[in-house]
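Colleague: next input, structure requested:
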Amino acid sequence: MAQMGVMDASLCPPFHGRSVDKGTRRRPRWVLLDKLAYFAGADVRNATTATSKTREGHEIQVTLCTAAQPQLVSYVCVHSPTLNPASDDYAMEPQIIAAHDDLLLIRLILGRGNRFTVSLADYFVYQASIADDIPPSLTRITHPGPMITFTNHEVAILHYIPEDTHHHPYALRPHNPLSSSSKQHYIVTAFSVNRYRPPGEYKLHLYHSHTQQWTTTHFNLAATMPPLPDLSPFHHRTTNVINLTHQSPGLMAFVDLWQGLLLINVLDKVQPAAPRYIPLPPPLKQGKVISGRVDPTDVRDIAVDAKGHINFVELEVDAIQHESDRTGYISQGWTVAKWSCSNTESDDCCWHMDCKLNASDISHLMPPELPNYCHPTPTLERLHIGHPLLSLDNNGDVVYFMAKVDHRDYKAWVIPVDMRKRLIHEPAVFEGAPRTLGIGSTFIQTTISNYPQPAPGRKQKQPGMLLGSSSKRKSETPYLTNVVLPLPTRHGVQKQPDAEGGSMEAEFSDNMLL
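Modeller: Coordinates of the predicted model:
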């Protein structure tokens, strides 16, 4: 397992979304984005392309390919002129591990067999173009060091304005910052179990882009949180992170999709206050035993819609084991329910069930044929359904499911279901299915497709051109920003090349956890 490198399917990216329209065509407010990047040639680039360098000096090119509709999953293409994904140069595909507004957090590890060697990971922040005169950028951030570890599910990213550039300490940046003079800063945050301490102890990690340093705050939740049912002491495993900065600047919710939400303000100037806990609604199936061995994102999701409401969805599948195949199952139907919460300040239960439906309620609406499938379409009850993702539009009533005829197939579709109206929207082929194992967390929601945002009353420019196309407008050159650090490499510790071709070492402050 540890020796796995790049999958063959990752060398053949889809074709949709490669051209970027900056013209009058309305861009989607949000998209579904594949969490695994593809590899492409240098010619796959557009107005979203940005470059940076790894700690070993390899140039990395990142291009965003956004689809016109969420069910046609968007993706990222990566290229390096000095690295070959078909050989042993990469440990695995680059991963998109967090997204918010115009930001993506990307993790890249070089060297086949280094998949789980986190000390060799490079972390890049991709920032989309936020205005016509501000090109996209790709920045390699300071490595967290060996004492700061977190999983892909525990990390998030958000914008903020440092105290010395705004009248309010750590205020969030304006929603539509079109001035190229305004410095765009961000925080990377992760909340994880303290694996070296007794149960109930946790760590909050923060990276501030303006200081380029990581800090850690310790929490003993066993002493402050009541034990959860069947769990003593308090236990929380972060599986999702959602941004609640619309309610209070810096407010984040670190979510255990089996249990509840921990609300922490990551912009507290001195010491983050003790987290506040909001339990999730009870399971659809009463008495259901929650297993920590099952990934909750297979059947649950939580997201914030355009109105600022927190939406939660749960899928309950009714299945029996296949008689002649011990690894297979037969779906006999499923039930899905959606809840919403508009007030996290209340101590009372804030959840309200908005809608609930069974597969049999809408099975007759299923299209007679699935795209690119030459066999008769199974009934909606018989399809293997999972990985629900909530829409980021108003009310979040549309849920996007991954569907397969059999969960072990390498062909899949994304099926949008309008919960409130009880409608099935047009399904789309999921091009990343050959890279999936079963039905699990494969893509995420992001609003990065909504950038750049034109200034009010300002005419938009002509559509962006693909490389090789003719255009009278000069092409935009992406930023090239690097944090140069003397970190371990696959070949030992070495100095890093600076922008002038020489070498330099960074000086670390005493409180830097590396």
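Colleague: give me the neighbour count for E345.
Modeller: 9 (other Cβ atoms under 10 Å). All C-beta atoms are positioned from the backbone trio N, CA, C, and that covers glycine.
Colleague: who's in contact with the nearest residue to it once chain neighbours are set aside?
Modeller: Spatial nearest neighbour of E345, excluding adjacent residues (Cβ to Cβ, 6 or more residues apart in numbering): Q247 at 7.9 Å. When contacts are counted by Cβ atoms under 8 Å, 6 or more residues apart in numbering, Q247 touches 308, 344-345.
Colleague: could these be laid out in JSON lines, adding pLDDT and secondary structure?
Modeller: Output for the contacts of Q247, formatted as JSON lines (pLDDT from 0 to 100; DSSP: H, G, I helix; E, B strand; the rest coil):
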{"residue": "G308", "pLDDT": "92", "secondary structure": "coil"}
{"residue": "T344", "pLDDT": "79", "secondary structure": "coil"}
{"residue": "E345", "pLDDT": "77", "secondary structure": "coil"}
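Colleague: Q61: which of those residues is nearest?
Modeller: Q61 has its nearest neighbour among the contacts of Q247 in G308, at 35.7 Å by Cβ to Cβ.
Colleague: which non-adjacent residue is nearest that closest one?
Modeller: Leaving aside its chain neighbours, G308 sits nearest to H246 (4.7 Å; criterion: Cβ to Cβ, 6+ apart).
Colleague: partners of the spatially most central residue of the chain in the sheet?
Modeller: By Cα atoms, centre = their mean, the chain has its centre lying nearest to A98, at 3.8 Å. Note on A98: beta-bridge partners L105, judged by DSSP bridges.
Colleague: relative to V193, which of the contacts of Q247 is nearest.
Modeller: T344 (23.3 Å).
Colleague: ok, residues contacting the helix or strand harbouring I415?
Modeller: In this assignment (DSSP states H and E), I415 forms part of strand 412-418. Strand 412-418 is contacted by residues 32, 70-73, 336, 357, 362, 370-371, 385, 391, 397-404, 423-430, 433, 436, 439 when judged by Cβ under 8 Å, 6+ apart.
Colleague: out of those residues, name the ones that lie in strands.
Modeller: Among the contacts of strand 412-418, the members falling in strands (DSSP state E) are 32, 336, 357, 385, 398-404, 423-424, 428-430.
Colleague: which among these end up buried?
Modeller: 32, 336, 357, 385, 398-404, 424, 428-430 (16 or more other Cβ atoms under 10 Å).
Colleague: widest-spaced pair of these?
Modeller: Pairwise across those, and taking Cβ to Cβ, the largest span is found between L357 and V429, at 24.4 Å.
Colleague: please name the spatially closest residue to L383 (chain neighbours excluded).
Modeller: Of all residues not flanking L383 in the chain, A403 sits nearest, at 4.9 Å (Cβ to Cβ, 6+ apart).
Colleague: show me the contacts for the one you found.
Modeller: By Cβ under 8 Å, 6+ apart, the neighbours of A403 are 383-385, 412-415, 427.
Colleague: would you mind writing the CA trace of stretch 428-442 as PDB?
Modeller: C-alpha atoms of stretch 428-442 as PDB (Å, rounded to 0.1, in the frame of the first residue of the first chain):
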ATOM      1  CA  ALA A 428     -23.600  13.400 -15.100                       C
ATOM      2  CA  VAL A 429     -20.800  10.900 -15.600                       C
ATOM      3  CA  PHE A 430     -18.100  11.200 -12.900                       C
ATOM      4  CA  GLU A 431     -14.900  11.100 -14.900                       C
ATOM      5  CA  GLY A 432     -12.900  10.400 -11.700                       C
ATOM      6  CA  ALA A 433     -14.600   7.000 -11.100                       C
ATOM      7  CA  PRO A 434     -11.600   4.900 -12.300                       C
ATOM      8  CA  ARG A 435      -9.700   6.500  -9.300                       C
ATOM      9  CA  THR A 436     -12.300   5.500  -6.700                       C
ATOM     10  CA  LEU A 437     -12.500   2.500  -4.400                       C
ATOM     11  CA  GLY A 438     -16.100   1.900  -3.600                       C
ATOM     12  CA  ILE A 439     -18.300   5.000  -2.800                       C
ATOM     13  CA  GLY A 440     -16.500   7.400  -0.600                       C
ATOM     14  CA  SER A 441     -15.400  11.000  -0.100                       C
ATOM     15  CA  THR A 442     -14.000  11.900  -3.500                       C
END
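Colleague: give me the contact list for it.
Modeller: With contact meaning Cβ under 8 Å, 6+ apart, stretch 428-442 is reached by 7, 9-10, 14, 16, 34-36, 69, 71-73, 75, 93, 295, 297-298, 371-372, 384-387, 402, 404, 407-414, 443.
Colleague: re the thing from before, redo the contacts of A403 as JSON lines? Include pLDDT and distance to A156.
Modeller: Output for the contacts of A403, formatted as JSON lines (pLDDT from 0 to 100; distance: Cβ to Cβ, whole Å):
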{"residue": "L383", "pLDDT": "92", "distance to A156": "32"}
{"residue": "H384", "pLDDT": "93", "distance to A156": "30"}
{"residue": "I385", "pLDDT": "95", "distance to A156": "27"}
{"residue": "A412", "pLDDT": "95", "distance to A156": "27"}
{"residue": "W413", "pLDDT": "96", "distance to A156": "29"}
{"residue": "V414", "pLDDT": "97", "distance to A156": "24"}
{"residue": "I415", "pLDDT": "97", "distance to A156": "28"}
{"residue": "P427", "pLDDT": "95", "distance to A156": "30"}
